[in-house]
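> Need a 3D model of the following:
(chains A and B)
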Amino acid sequence: MTEKHSAPLYMMHQGQNLTIVEIHGGYGFVNRMKEMGFIPGEKIELISSGHPGPVMIKIKGSKIAIGHGMAHKIIVI
Amino acid sequence: MGQNNKNEITIALAGNPNSGKTTIFNALTGARQHVGNYPGVTVEKKEGKCNYKDYKIKVVDLPGTYSLTAYSLDEVVARKFLIEERPDVVVDIIDSSNLQRNLYLATQLAELGIPFILCLNMSDIAKKKGLRLDENLFSRLIGCEIVFTVGHKKEGIEALFEKIITVATGESKIKPVQVNFGKEIENELEKLLEIIKKDKSLTQKVSARYISIKLLENDKEELEHIKGSSIEQEAIYQIEESTKHLEMIFGEDVEGRIVDMRYGFIKGVVKESARQLERHKLDVSDKIDKILTNRILGLPIFAFFMWLIFKMTFTLAEKPMEWIESFFGWFGELIGNVIPEGIINSLIVDGIIGGVGGVLVFLPNILILFIAIAILEDSGYMSRAAFIMDRIMHKFGLHGKSFIPMLIGFGCTIPAYMGCRILESKRDRLVTMHVNTFMSCGARLPVYVLFAGAFFPKEAAGNIIFIIYILGIVIAVAMAKIFSKVRFRGESAPFVMELPPYHLPTIKGILIHMWEKGKLYLKKAGTIILAVSIIMWVLMSFPKVTSYSKDYYKLINGIETSNQIEEIKENKIEDFENERATEDLSYSFAGRIGKAIEPVIKPLGFDWRLGIGLFAGFAAKEVIVSTLGTVYSVGEADEESETLRDKLRNDIAYSPLIAFSLMIFVLLYFPCIAAMVVFYKETKSLKEVLFQMIYTTALAYIMALIVYQGGSLLGLG
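Numbering: from 1, shown residues only, chains lettered A, B, ... in the order given. Sure, this is the predicted structure:
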């Protein structure tokens, strides 16, 4: 059995259910994301993966589009 | 603050973006609202008034925010208003199907110590999705009154009014609840609290606890607030100590921990009082998104929608345009017959009816375009368009969100400039504003419709216009790339945007949007365009020629009395009259201006008459059409009321190539004066405004030159 590894959001496949592990980036950015509901431990669903391009995810019931650059900074498992 | 027997109440509406704030605002206030700006900043402030029972209620709509951190301009504005103005009640509007994330703002309102009500909006959708809520328990746990509403159906508005009165008069029995941040943080807060309390001037408007929390969160605005107070040194020292201590314990920054604790509290409340039943069906929005934002299909579908809009704008408007055209023709003739021949007659018939009527003919096109934009906005597709376009926009140094103001730009550049506020970084905003004008605005449409209609077959005209629009987009994107390489270097801000669920737009909503914008167009026709029409008429009618190169009167008389065939006679007379009219026009001020710029625009294929139109177009783009209308009716000999379109088509000086070159020039050159005023208001930079004026006109010249000269070489002339 292969154990799940955490990886940046942009590497994940469409339709996967994921959990946020951590968010990299500056102090302001990380807390901003947290205020929007991106908290470690939170479950998200990857609706549309975008490489390249933005990803679309579902978190706490709402759909959010995230730029490609930011999808690098969100680590999920 | 809320006191007994007070019958004037101020309430503020707060809430996340897309929580349905606007529908609640409209339901509360009806149509009685007024839009202004918050003092000192350019964020729109909507205010409305309403009466309920004996109470006069003032409703202030705050910008949509996720929290009260001073992160973006909107949040700073919302927070300042709450603190400085102290509304009696804050109504926090919550998207019920999205409880947890929406409640975050509520925890901050509680910290602020301001009385608030939770308005659980869109409760019908939440219920359908399987949300069951124990109302009383929820209300007690979160520590405020709650109301269920369905904004667009006006459900629950009565109950909301009742709760507002209850809270404002201080009769609510529900005790406010504060988030407990855990022993460690609470201990540190306690220490800070003691220090803050020493300076009474600090806690006049907000509670000491709120200040302490914000300070521990390292909040810039609040640090500014305590600056200069008697306890500044002591407080700063304590903040540093507390932060160091807490970070050692948690191994993460305090601010993040505080956010976590707030969410922890919310999670607890929701878990206790709400139950989420299994969903019966797959979310419809998700299904639609699977297709519309599909990685392969998304872009072609989007392009198809755009094409459809322009096709419809052209074809559906055909009939109503004919009606308006013939109405003004009839009206002009009627007036022309009533008022005796002379200057007044010419002013009214040629100047005013010819000018304003020429512009009003395009009202159907404009309205259809605005309907289309309103549908895109109200349905939720607009944000998807931004999502689809982000990948492409990013490549060209723009932000995904840039696409929203750019789409609005198809309607009018002015709201598009203002729409650029949604962009968080100044760089993104400037780049988007500088290229926004190439998103061809509704005012330019009449020019295209006129020239495409006159010089291209009916079936091709719609496609020609579509090509012009596409060209505008291509140039906008190319210029953005150049700007981000040359003038505005640096990364654009990260892209995060909420995609609201799809809504079926209501006909009423669409019509309201359409009418709001259509009204502006009519107002413009009645003011700026009317004024410019009169000015242009004056410029075209004076000075009068005192001695003609030929004695036309004698010549015409001579023909009339000769004994040639009637038909030949008429033709000859017409030729002379046209010649005289042209001489009149070229002798006038406008004619001289046109002649003066003719050498410059000759290489683009334009003659001095088009020059007059383009000159007038600086004021507003529709004026190009109205001015040409006046040019042709002042310079008109026969009384037969040919339409302007036919007149242009029959004029041998022009060709389809010239028409195309002109459309390109009009697409690109100088946005109108009103737009430039707004550009200045938004950027506060004269340098940027001048830059915008000059580079757009220069670009227009170069592009039209390439098209005309290139086309002529290829023999397309």
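> Which parts of chain A are strands?
Under the criterion DSSP state E, strands of chain A are mapped to A:7-8, A:17-23, A:43-48, A:55-59, A:62-66, A:74-76.
> Sorry, slip of the keys, the one I care about is chain B.
So, for chain B - with DSSP E - the strands run B:8-15, B:33-37, B:44-52, B:55-61, B:89-95, B:116-121, B:131-133, B:145-148, B:274-276, B:496-499.
> who touches stretch B:474-490?
B:392-393, B:395-398, B:402, B:406, B:427, B:430-432, B:434-436, B:438-439, B:492, B:668, B:699, B:703 (Cβ atoms under 8 Å, 6 or more residues apart in numbering or on different chains). For the C-beta atoms, the positions are set from N, CA and C on the backbone; glycine is no exception.
> go on, stretch B:389-401?
Contacts of stretch B:389-401 (Cβ under 8 Å, 6+ apart): A:50, A:52-54, A:65, A:67-68, B:299, B:302, B:386-387, B:402-403, B:422-423, B:425, B:428, B:431-432, B:435, B:477-478, B:480-481, B:483-485, B:488, B:492-493, B:495, B:497.
> Which among those residues count as buried?
Taking 16 or more other Cβ atoms under 10 Å in any protein chain shown as the criterion, what is buried in these is A:50, A:53-54, A:65, A:67-68, B:302, B:386-387, B:402-403, B:422-423, B:428, B:431-432, B:435, B:477, B:480-481, B:483-484, B:488, B:492-493, B:495, B:497.
> lowest-confidence helix or strand of the chain?
You didn't say which chain, so I picked chain A. helix A:27-35 (a mean of 77; mean pLDDT, DSSP states H and E).
> switch to chain B, that's the one I care about
For chain B, judged by mean pLDDT, DSSP H and E, that is strand B:33-37, with a mean of 52.
> circling back: what helices or strands is the least confident helix or strand of chain A leaning on?
Secondary-structure packing of helix A:27-35 (3 or more Cβ pairs under 8 Å, 6 or more residues apart in numbering or on different chains; DSSP states H and E): strand A:17-23, helix B:254-273.
> Make CSV from the ones you listed and add mean neighbour count, distance to B:D575 and mean pLDDT to it.
Converted to CSV, the helices and strands packed on helix A:27-35 look like this (neighbours: other Cβ atoms under 10 Å in any protein chain shown; distance: least, Cβ to Cβ, whole Å; pLDDT from 0 to 100):
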stretch, mean neighbour count, distance to B:D575, mean pLDDT
strand A:17-23, 17, 79, 88
helix B:254-273, 19, 82, 87
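> coming back round to it: and the least confident helix or strand of chain A, which residues are buried?
Result for helix A:27-35 [16+ other Cβ under 10 Å]: buried residues A:29-35.
> Let me know the angle separating that helix from strand A:17-23.
150 degrees (axes from the mean of the first three to the mean of the last three Cα atoms, to 10 degrees).
> Specify the angle between helix A:27-35 and helix B:254-273 in degrees.
If you take the same axes, to 10 degrees, helix A:27-35 sits at 0 degrees to helix B:254-273.
> Figure out how far helix A:27-35 is from the centre of its chain.
Mean-position distance between helix A:27-35 and its chain equals 13 Å (Cα atoms, centre = their mean, to the nearest Å).
> Now that helix - C-alpha only, CSV.
Provided in CSV are the C-alpha atoms of helix A:27-35 (Å, rounded to 0.1, in the frame of the first residue of the first chain):
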residue,chain,number,x,y,z
TYR,A,27,2.2,36.4,7.0
GLY,A,28,-0.5,38.5,5.5
PHE,A,29,-1.3,36.1,2.7
VAL,A,30,-1.6,33.1,5.0
ASN,A,31,-4.0,34.8,7.4
ARG,A,32,-6.0,36.2,4.6
MET,A,33,-6.5,32.7,3.3
LYS,A,34,-7.4,31.5,6.8
GLU,A,35,-10.0,34.2,7.1
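> Identify all contacting residues around that helix.
Outside helix A:27-35, the residues that reach it (Cβ under 8 Å, 6+ apart) are A:23-25, A:73-74, B:66-67, B:69, B:71, B:104, B:253, B:255-256, B:259-260, B:263, B:494, B:496.
> who in chain B is up against chain A?
B:18, B:66-67, B:69, B:71, B:95, B:97-101, B:104, B:253, B:255-256, B:259-260, B:263, B:285-286, B:289, B:293-295, B:383, B:386-387, B:390-391, B:394, B:400, B:491, B:494-501 (Cβ under 8 Å from any Cβ of the partner chain).
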